[in-house]
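Engineer: next come a sequence and a model predicted from it.
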Amino acid sequence: MSTIVANSLFEQLTSAFHTLEDTNESPALKALRQEAYTRFEKKGFPTVKNEDWKYTNIHSLVNKTYILNKDVDVANLDLAKADIPGLDAHRIVLINGQYVLAFSSLEDELGIVVKPIEEAEGEEAFQKHFAQHADKTDSALVALNTALFTSGLYLSVAKNKVVSKPIQIVHVATGEEDFFVQTRNLYVLEANAEAEIIETFITSDGSAYNLNNKVTEIVLEENAKLQHYYLQQASDAGHYINHTEVYQTRHSLYNNYNCNFPGVSFVRNDINVRLDAENVESHLYGVNLLADRQLVDNHTVVDHMKPHCESYEWYKNIPQDEATAVFNGKIFVREDAQKTNAFQQNNNLLLGEKSAVYTKPQLEIFADDVKCSHGCTMGQFDNEALFYLRSRGISEESARVLLVHAFAFDVTSRFSNDAVQAYVEDLVEKGLYSE
């Protein structure tokens, strides 16, 4: 890989794209890249004039230059920050998006294919699904990723395979100079396959300012089941734009658990779920405990395209200090999607005098035989509850922790993995502001 330096990020990206034209990729993949880069050039980076980015300004992120596609140094890398007590899991490590076999272990589990995305072009599932789902959205950053991804992970689980234990994917950001990483992932679960994927984001000590544009496409074939966790624990040098596109077929189940904690400066998550067959079920859960001047923006789309499907979404935001949380959840119920059952809820607990929440739950229904609801709440500490706990001899700090735990418990209690649930609840306690 090469280091590309120019006077602007746009110049850098243009140079990088022309460099990729000289690779040995197939004509089909090169055509995909060209089409995607043309879309990106036409749209440009999103601004606050775009309704979906109204409260999330990325001007400072893209108005500078970075090191692109630099080889990573894996010596003396400490992965302990990603450890989850009590979790017995396979581990896959991506360093700046690059799959590092030396740190990864699947312990000879049969029925799973794992390889760098740049080596997956010959896989049948890659040819069928790559850039066929996320790229149908109107996202300029997805187009940029498709045009310029140089690293990432291909993971497929064979038909009828139930993975014996969770797969933890550790995303490590590391570098001595400001760097920009574009990671592309494709996860495919074939018919009747079942897996649990836990993605942990960490930053190595002393790393420079970094921007990460990650796109993950997930395909669940008939009766496949996936439990999927995002645990964002990067440092304040980290800035993440993540797009997750989920495509589900008959009788499949997808559960996403999206957790963000103090540390990382900027996170934008776009999580889109397409229920494109009958009897599909999807659950989206989120816990966002923020501090200092963090900004975390979660945009979700649940698209009910066929009848007899169910979705359940519950996000909770707890901003402290001067942190900002954004939630925009859209549910679409198409005309053919009769007998749909869809629920969405966003609850917010503001703990800082200068903290802010911008929330916009949306529901668009074009069918008439459905059960759908959505809503949001906004509040601060219940002073009566706080007084009650303190009157029972509980310190104010412990009382605050108890009340926040109670607030978050509606979501964390739904986690399918007990070790991850306990870990997240511990991170919530550690991340709470104490006076």
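Structural biologist: Yep, that arrived. Remember, it's a predicted structure, so these values are computed and weren't measured experimentally.

Engineer: which ones are touching the closest residue in space to Trp314 that isn't next to it in sequence?
Structural biologist: Distances taken as CB to CB, 6 or more residues apart in numbering place Gln345 nearest to Trp314, at 4.9 Å, with adjacent residues excluded. Where you see a C-beta, it was placed from the backbone N, CA and C, and this is true even at glycine. Applying CB atoms under 8 Å, 6 or more residues apart in numbering, we find Gln345 in contact with Glu313, Trp314, Tyr315, Pro361, His374, Gly375, Cys376.

Engineer: beta partners for the fourth one?
Structural biologist: Beta-bridge partners of Pro361, counted by DSSP bridges, are Gly329.

Engineer: how much space is there between it and Ser413?
Structural biologist: Distance check for Pro361 against Ser413: by CB to CB, to the nearest Å, it reads 22 Å.

Engineer: between these two, which has more neighbouring residues?
Structural biologist: Pro361 (19 against 10; other CB atoms under 10 Å).

Engineer: distance of the more buried one relative to Val296?
Structural biologist: According to CB to CB, Pro361 and Val296 sit 17 Å apart.

Engineer: now do Ser2, the pLDDT please.
Structural biologist: Ser2 carries a pLDDT value of 40.

Engineer: Asp108: neighbouring residues, count only.
Structural biologist: Residues near Asp108, counting by other CB under 10 Å: 6.

Engineer: where does the chain have low pLDDT?
Structural biologist: Residues of the chain meeting the criterion pLDDT under 70: 1-7, 382, 384-390, 433-435.

Engineer: all helices for it, in order.
Structural biologist: 9-20, 27-43, 59-62, 124-129, 140-148, 383-391, 396-412, 418-431 (DSSP state H).

Engineer: deepest-packed of those helices, please.
Structural biologist: Compared across the helices of the chain, helix 140-148 shows the largest average neighbour count, a mean of 23 (mean count of other CB atoms under 10 Å).

Engineer: tell me the angle of that one relative to helix 27-43?
Structural biologist: Orientation check (axes from the mean of the first three to the mean of the last three CA atoms, to 10 degrees): helix 140-148 against helix 27-43 gives 140 degrees.

Engineer: could I get the helices of the chain as CSV with distance to Arg268?
Structural biologist: Listed next are the helices of the chain as CSV, based on distance: least, CB to CB, whole Å:
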stretch, distance to Arg268
helix 9-20, 17
helix 27-43, 16
helix 59-62, 10
helix 124-129, 24
helix 140-148, 9
helix 383-391, 33
helix 396-412, 20
helix 418-431, 20
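
Engineer: the closest residue in space to Thr216 that isn't next to it in sequence: how many residues sit nearby?
Structural biologist: Nearest residue to Thr216, sequence neighbours excluded (CB to CB, 6+ apart): Asn185, at 4.1 Å. Neighbour count for Asn185, taken as other CB under 10 Å: 22.

Engineer: distance of Leu65 relative to Tyr254?
Structural biologist: Wrong residue type there; residue 65 is Thr, not Leu. 38 Å.

Engineer: these two: which has the busier surroundings?
Structural biologist: For Thr65 versus Tyr254, neighbours defined as other CB under 10 Å are more numerous around Tyr254 (23 against 16).

Engineer: the nearest residue to the more buried one once chain neighbours are set aside bridge partners, please.
Structural biologist: Among residues not flanking Tyr254 along the chain, Ser282 sits closest, at 4.9 Å (CB to CB, 6+ apart). On the basis of DSSP bridges, Ser282 takes part in beta bridges with Tyr254, Ser311.

Engineer: need the contact list for Ser282.
Structural biologist: 246, 248, 253-256, 273, 275, 302, 309-312.

Engineer: just confirm Leu79 contacts Ile92, I think it does.
Structural biologist: No - in this structure Leu79 lies outside contact range of Ile92 using CB atoms under 8 Å: 11.4 Å.

Engineer: if we can go back for a sec, so which of the helices of the chain is nearest Asn210?
Structural biologist: Asn210 lies closest to helix 59-62 among the helices of the chain, at 10.3 Å (CB to CB).

Engineer: can you tell me how far Val357 sits from Asn210?
Structural biologist: Going from Val357 to Asn210 by CB to CB gives 26 Å.

Engineer: these two: which has the busier surroundings?
Structural biologist: In this view Val357 and Asn210 are compared by other CB under 10 Å, and Asn210 has more residues nearby, 24 against 21.

Engineer: from the contacts of Ser282, which two are the most distant?
Structural biologist: Applying CB to CB across the contacts of Ser282, the maximum distance is between Asn256 and Cys309, 15.8 Å.

Engineer: give me the more crowded residue out of those two.
Structural biologist: Neighbours per residue (other CB under 10 Å) separate Asn256 from Cys309, with Cys309 holding more: 26 against 22.

Engineer: which ones are touching that one?
Structural biologist: Leu275, Glu278, Asn279, Val280, Glu281, Ser282, Ala337, Thr340, Asn341.

Engineer: do the same with Leu94
Structural biologist: Val100, Ser151, Gly152, Leu153, Ile169, Val170, His171, Val172, Thr183.

Engineer: so which of those are in strands?
Structural biologist: Among these, the members found in strands (DSSP state E) are Leu153, Ile169, Val170, His171, Val172, Thr183.

Engineer: which of those residues tops the neighbour count?
Structural biologist: His171 (30 neighbours).
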